[in-house]
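1. need a structure here:
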Amino acid sequence: MPLFIKKMGIDLGTANTLVFVPNEGVVLNEPSVVAVSVPENKVLAVGNEAKVMVGKTPDTIIAYRPMKDGVIADYRVTEAMLRYYITKAIGKWNLFKPEVMVSVPAGVTSTERRSVVEAAVKAGARAAYVIKEPILAAIGAGIPIHEPIGHMVVDIGGGTTDAAVISLGGIVASTSVKVAGNKIDQAIADYIKKTSNLIIGERTAEQIKIEIGSAIPVDKDEYCQVKGRDFIPGLPRSITASTNEIQKAIDPELREIMRAIKNVLQETPPELASDIIDKGIVMTGGTSLLRNIGELVYRSTGVRAQIAEDALLCVAKGTGIALDHLEVYKKNVLAKR
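-> Model prediction:
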């Protein structure tokens, strides 16, 4: 591990946090989960170690996500989480405090932006900058954002969906809705509880989404076994769920995401709209990997959508590229310290 890491980009997400180091790529990709001991109010575990504890802790330990809907919900714990990631990425013996670039959702307030910058500085950064997620997602997806051409990016993460039209290096029209992967998981859990009287945890719901989830109904159903606790006798039980059932469960959430995309398209100036028809919509973020979501976007908007390469890593890559070329992207920096 080099002793001279001076820059790093952090994609501080509701579901996962990724750390990007220039010339090395994504060095860390762990869940944004922290386990806290209640009596001592002490952070016990962060990331992968804490994620395995979710839903399995005794009364004295709480495992939860300190980021809610893309913004800091618990400042102290987020700071501890950031410190853990920065230290883990640069190593204990690094001689420099790094410059850190952090991503924030398109719709954050100035107070929320400041709290991200302050948390990063307190966690050990020499300087911290924040840039809006859609810009970073576009940079990471390899879109030439400084051209006078309209590009549309839809970043569907864990806590928020950010949709934006970008031209000449800036955001022309954008929206951020608090419906994304986590709400979709919750919809699956609620549907199974309602239809089968079975209570499942968030990890199980996420697993169902990954294994058999689809954004549109399919001709050939796939099935998976779902294990949980029966609502009435309270005993363990398992059922079988199908792709089309899950599609029905998550349809309201997906419609809300489609509505957000349509709203941005409706606000887009006509010249840029014609560029978007030619270029299509670029989809990034972990939830854009849901099967057939590109087809759903096409059916809803009439515009072709393609999933970016390494969709999960686009924002993290974008933070690294923006840090490396800070002069070029200076006007996109929202807050710094």
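
2. can you give me the helices for the stretch 101-250 of the chain?
-> For the stretch 101-250 of the chain, applying DSSP state H, counting those that start in this stretch gives helices covering 110-122, 133-140, 181-196, 202-212, 243-267.

3. roughly how far apart are the residue of the chain most remote from its centre and Ala205?
-> For the chain, the largest distance from the centre (Cα atoms, centre = their mean) belongs to Pro233, which lies 36.8 Å off. Distance of Pro233 to Ala205, given as Cβ to Cβ, to the nearest Å: 22 Å. Backbone N, C-alpha and C define where each C-beta goes, glycine included.

4. go on, Val38?
-> 25 Å.

5. the two - which one has more neighbours?
-> Ala205 (25 against 12; other Cβ atoms under 10 Å).

6. for that one, what are its contacts?
-> Ala205 makes contact with Asp185, Gln186, Ile188, Ala189, Ile192 under the criterion Cβ atoms under 8 Å, 6 or more residues apart in numbering.

7. run a quick neighbour tally on the first one.
-> To tie it back to what came earlier, the one meant is Asp185. Using other Cβ under 10 Å, Asp185 is surrounded by 27 other residues.

8. can I assume it is in contact with Glu202?
-> Yes. At 5.6 Å, Asp185 and Glu202 qualify as touching, with contact defined as Cβ atoms under 8 Å.

9. now, which of the contacts of Ala205 sits nearest Glu256?
-> Closest approach to Glu256 among the contacts of Ala205 (Cβ to Cβ): Gln186, at 12.8 Å.

10. my guess is the closest one meets Ile200, correct?
-> No. Using Cβ under 8 Å, Gln186 and Ile200 do not qualify as a contacting pair, with a distance of 10.8 Å.

11. compare neighbour counts for these two and give me the winner.
-> More crowded of Gln186 and Ile200, by other Cβ under 10 Å: Ile200, with 23 against 14.

12. how about stretch 215-226: buried residues?
-> For stretch 215-226, a neighbour-count test (16 or more other Cβ atoms under 10 Å) marks Ala215, Cys224, Val226 as buried.

13. break this protein down into its domains, please.
-> Domains of the chain are assigned by automatic domain parsing as 7-135+315-336, 143-179+256-312, 181-249.

14. will you turn these into TSV that also has mean pLDDT?
-> Shown next, in TSV, are the domains of the chain (pLDDT from 0 to 100):
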stretch	mean pLDDT
domain 7-135+315-336	85
domain 143-179+256-312	94
domain 181-249	94
